[in-house]
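Trainee: Got a predicted structure here, sequence first:
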Amino acid sequence: MHSYCARLATHVTAGCAAAFIALTFTGCRSREIREDARAASLPTARVAAAQRGNIDHVLSLAGQFQPFQMVDVHPKVSGYMRTINVDIGDIVKEGQTLATIEVPELKAQLQQTVFQVDQSKQEIARAQHEISRAEAQHQALHGEFERLQQASKGHPGLIAQQELDNSRAGDLSSEAQVDSARAALAAAQQHLGAAQSESQRVEALHNYTHVVAPISGVVVWRYADTGALIQGGSNSNTQDLPIVRLSQSALLRLRLPVPEADVRYVHAGDLITVRVDAVNRSFTGKVVRFTREISPETRTMETEVDVQNKDLAISAGMYANAMLRLASAQSVVTIPVEAVVIRGGDHVVYVLDESNVVHVRHVDVGMEGNKLAEVRSGLNPGERVIVGGQDHYREGQTVAPVVAPEPASETQQETGGTIDLNADSQTDNAPEIQAPNEHSASGDGRKPSRNRADGGAR
C-alpha cells in the first residue's frame with residue numbers, strides 16, 4: 001500500500017511540472033510576439049553616435065617649383081677660354097672654380113705694376129737719404145752761424161757783418177733743403193700708394209681669370225667651350241653670353257596664388273604640406289614671404305613657400321599641390337551635419353536615451369565641414385542623435401534606431417587657382433591666372449550652414 005501511494009505521487013508531480021513548463025513557454029512566446037509586434041509598429045530613425053575627432057578646412061593650391069636663385073655666371077674680364085671644368089647637371093659648391101680665362105696682356109700689366117711699386121720704394125729710400133744729408137748739412141751750417149753770432153756779440157767788430165749775413169743765409173738755405181727733402185719723401189710715399197693700388201687692381205683683374213661659383217647649386221646650362229672668346233660682363237650689354245647658368249636647387253620656391261577670401265589665413269612661418277606627384281612624395285614647406293597685395297585681375301595674393309630639397313629629389317619646374325590650412329578643430333566631439341537643426345536661431349539635436357526615447361536638446365555648434373559639425377557643449381561622446389528627418393519626431397517619442405556608421409574626422413578641401421610663372425617677364429600684359437573656385441568662410445573659421453531653415457530638418 002505504501003509503495004502504491006509513492007508511485008501515484010511521483011506521477012502526479014511529474015504531470016504538474018510538465019504542465020507548468022508548457023504554460024511558462026506559452027507565456028514567454030506570447031510576450032515575445034507582442035514585443036516584436038510593438039517594435040514593428042515603432043517608427044524607425046537613422047541615428048549616429050557622437051564621436052571624438054578632427055575637422056580641418058584646407059585650401060588646395062597648385063603651383064610650380066622655382067629655384068631659390070638662378071644666376072648667370074659672367075667673367076669679369078675678356079679673354080679666351082683656357083679650361084672649363086663643369087658641364088650640365090654638375091653639382092658645384094660656392095667658391096669652386098668653374099673655368100679659367102686666358103688674358104696674356106693682364107700678365108704684362110701685372111708685371112708692370114710690380115716694377116712701379118719697386119720704383120716707388122726706391123724713390124722713398126732716396127728721399128730718406130736726401131733728408132738725412134740735408135739735416136746734417138743744416139746742423140753744420142746752423143752751428144757755424146750760432147758760433148759767429150756769439151763771437152760777434154762778445155767782441156763787437158771782430159766779425160764782419162757780411163760774414164754773419166752769409167752764414168745766416170746758408171743756415172736758412174739748408175733748413176729749406178730739409179723741408180724740400182721731406183716733401184719729396186711724402187710725394188714718393190704717395191707714388192708708392194698709387195702704384196700699390198694699381199697693382200692690386202690689376203691683380204684683382206688677373207684673379208678674375210679664375211671664374212668661381214657665386215653660390216652652391218646645379219649647372220643647368222653651359223654656354224661656352226674651350227678656346228672660345230669670352231666677353232667680360234662688366235658692361236650692360238645683354239648680348240654677352242655667360243659661361244654657365246647656376247640654379248640653387250637645394251632650396252626651392254613654390255609660388256601659390258591665395259584667393260582674396262583666404263588671405264587672412266596666411267602668416268609667415270606657417271607650415272604647409274606639399275604633395276609632388278611626379279616623385280610620389282610629400283614635403284613640408286614654410287610660408288616665408290608674400291606680396292601683401294591683391295592682384296586686381298585675379299583677386300589673389302602671390303605667396304612664396306620655401307621647400308628644402310637637399311637630396312635634389314624635386315626638380316625645378318615640377319608641379320605641386322600645397323595644402324593651406326584655413327581652420328582646424330582638433331580632438332572635439334563631432335556629429336553629422338544633418339543631425340543639427342536650426343530652430344529659433346538656436347542649434348538643437350534629437351538625442352535618444354537608453355530606452356530609445358527622443359529628447360530635443362540645445363547644443364553649441366562650432367566649426368562645420370561638409371559632413372561633420374563640431375559640438376562644443378550639450379552632447380557627450382557616445383550619445384546617439386537622429387540624422388535627418390527630424391520633423392517626423394517629437395519629444396518623448398519612442399523610435400526604433402537604425403545605426404548609420406559615420407566617420408569621426410573630416411578634412412574639407414577647397415581648390416584654388418594656379419599661378420602663371422611667366423608673369424615676371426610680362427610687362428604690358430597682366431599675368432594669366434586661373435580664377436579660384438568660389439568659397440566662403442566666416443570670420444571664426446566656420447563654414448556657413450547649408451540647406452537648413454528655421455524649424456525644419458536638414
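Mentor: Everything's here; your move. Numbering: from 1, shown residues only.
Trainee: all helices for the protein, in order.
Mentor: Secondary structure of the chain (DSSP state H): helices located at 2-41, 104-154, 161-207.
Trainee: would TSV of these with mean neighbour count, mean pLDDT and distance to residue 387 be doable?
Mentor: The C-beta positions use only the backbone N, C-alpha and C, and glycine is treated the same way. Listed next are those as TSV, based on neighbours: other C-beta atoms under 10 Å; pLDDT from 0 to 100; distance: least, C-beta to C-beta, whole Å:
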stretch	mean neighbour count	mean pLDDT	distance to residue 387
helix 2-41	10	48	20
helix 104-154	15	84	85
helix 161-207	15	85	78
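Trainee: Of those helices, which is nearest residue 340?
Mentor: helix 2-41 (28.0 Å; C-beta to C-beta).
Trainee: correct me, but residue 414 touches residue 58?
Mentor: Yes. Using C-beta atoms under 8 Å, residue 414 is in contact with residue 58, at 7.4 Å.
Trainee: Do you know the pLDDT at residue 62?
Mentor: The confidence metric pLDDT takes the value 91 at residue 62.
Trainee: buried sites along the longest strand seen in the chain?
Mentor: If you go by DSSP state E, the chain has its longest strand at strand 51-73. Of all the residues in strand 51-73, those buried under the rule 16 or more other C-beta atoms under 10 Å are 51, 53-59, 61-68, 71, 73.
Trainee: Which strands or helices does that strand pack on?
Mentor: Secondary-structure packing of strand 51-73 (3 or more C-beta pairs under 8 Å, 6 or more residues apart in numbering; DSSP states H and E): strand 217-222, strand 244-259, strand 300-308, strand 319-336, strand 358-368, strand 372-377, strand 410-418.
Trainee: try 7 Å this time
Mentor: When contacts are defined as 3 or more C-beta pairs under 7 Å, 6 or more residues apart in numbering; DSSP states H and E, strand 51-73 packs onto strand 244-259, strand 319-336, strand 410-418.
Trainee: between the first one and strand 51-73, how big is the angle?
Mentor: What that stands for is strand 244-259. 150 degrees (axes from the mean of the first three to the mean of the last three C-alpha atoms, to 10 degrees).
Trainee: Show me what stretch 385-398 is in contact with.
Mentor: Stretch 385-398 has contacts (C-beta atoms under 7 Å, 6 or more residues apart in numbering) with 42-43, 45-48, 50, 335-336, 338-339, 341, 349-351, 355-360, 399, 404, 456-458.
Trainee: which of those residues are buried?
Mentor: So, by 16+ other C-beta under 10 Å, the buried ones in these are 45-48, 50, 335-336, 338-339, 341, 349-351, 356, 358, 360, 399, 404, 457-458.
Trainee: Using JSON lines, please lay out the helices of the chain together with distance to residue 382.
Mentor: Output for these, formatted as JSON lines (distance: least, C-beta to C-beta, whole Å):
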{"stretch": "helix 2-41", "distance to residue 382": "23"}
{"stretch": "helix 104-154", "distance to residue 382": "85"}
{"stretch": "helix 161-207", "distance to residue 382": "77"}
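Trainee: How much space separates residue 197 from residue 161?
Mentor: Counting by C-beta to C-beta, to the nearest Å, the gap between residue 197 and residue 161 amounts to 54 Å.
Trainee: can you list the domains in this protein?
Mentor: 44-55+330-410, 104-208 (automatic domain parsing).
Trainee: Please work out how many residues are found near residue 226.
Mentor: Applying other C-beta atoms under 10 Å, we find 11 other residues in the vicinity of residue 226.
Trainee: Dihedrals phi and psi, it?
Mentor: Backbone torsions of residue 226, given as degrees, to the nearest 10, read phi -60, psi 130.
Trainee: looking at the domains of the chain, which is closest to residue 311?
Mentor: Taking those one by one with C-beta to C-beta, domain 44-55+330-410 is closest: 31.1 Å.
Trainee: now the closest one, how far from the centre of its chain.
Mentor: In terms of C-alpha atoms, centre = their mean, to the nearest Å, the centre of domain 44-55+330-410 is found 41 Å from the chain centre.
Trainee: try stretch 69-78
Mentor: Per C-alpha atoms, centre = their mean, the centroid offset for stretch 69-78 relative to its chain is 27 Å.
Trainee: re earlier: the domains of the chain into JSON lines, with extra columns for distance to residue 77?
Mentor: Formatted as JSON lines, the domains of the chain follow (distance: least, C-beta to C-beta, whole Å):
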{"stretch": "domain 44-55+330-410", "distance to residue 77": "61"}
{"stretch": "domain 104-208", "distance to residue 77": "5"}
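Trainee: could you dump stretch 263-274 to CSV, C-alpha only?
Mentor: Below are the C-alpha coordinates for stretch 263-274, written out as CSV (Å, rounded to 0.1, in the frame of the first residue of the first chain):
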residue,chain,number,x,y,z
VAL,A,263,44.4,85.9,-47.4
ARG,A,264,43.8,86.4,-43.7
TYR,A,265,44.8,82.8,-43.0
VAL,A,266,48.3,83.3,-44.5
HIS,A,267,51.0,84.0,-41.9
ALA,A,268,54.8,84.0,-42.2
GLY,A,269,56.2,80.8,-40.6
ASP,A,270,53.1,78.6,-41.2
LEU,A,271,53.9,75.1,-42.2
ILE,A,272,52.3,73.7,-45.4
THR,A,273,52.1,70.2,-46.7
VAL,A,274,53.3,70.0,-50.3
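Trainee: Report the separation between residue 160 and residue 174.
Mentor: Distance from residue 160 to residue 174, by C-beta to C-beta: 21 Å.
Trainee: Repeat that for residue 80.
Mentor: 60 Å.
Trainee: And the pLDDT for the spatially most central residue of the chain?
Mentor: Per C-alpha atoms, centre = their mean, the C-alpha nearest to the average position across the chain is that of residue 306, at 3.1 Å. On pLDDT, residue 306 comes in at 95.
Trainee: Just confirm it contacts residue 251, I think it does.
Mentor: Yes. Using C-beta atoms under 7 Å, residue 306 is in contact with residue 251, at 6.0 Å.
Trainee: Verify the contact between residue 86 and residue 92 for me.
Mentor: Yes. With contacts counted by C-beta under 7 Å, residue 86 reaches residue 92, the gap being 6.1 Å.
Trainee: intersection of neighbour lists for these two?
Mentor: In contact with both residue 86 and residue 92: 98, 219, using C-beta under 7 Å, 6+ apart.
Trainee: measure residue 246 to residue 209 for me?
Mentor: 19 Å.
Trainee: out of these two, which sits in the busier spot?
Mentor: With neighbours defined as other C-beta under 10 Å, residue 246 and residue 209 compare such that residue 246 has more, 26 against 18.
Trainee: thought residue 222 was touching residue 244?
Mentor: Yes. Look at residue 222 against residue 244 with C-beta under 7 Å: they come within range, at 5.1 Å.
Trainee: So between these two, which is more surrounded?
Mentor: Just comparing residue 222 and residue 244: by other C-beta under 10 Å the higher neighbour count belongs to residue 244, 25 against 18.
Trainee: Sounds good, over and out.
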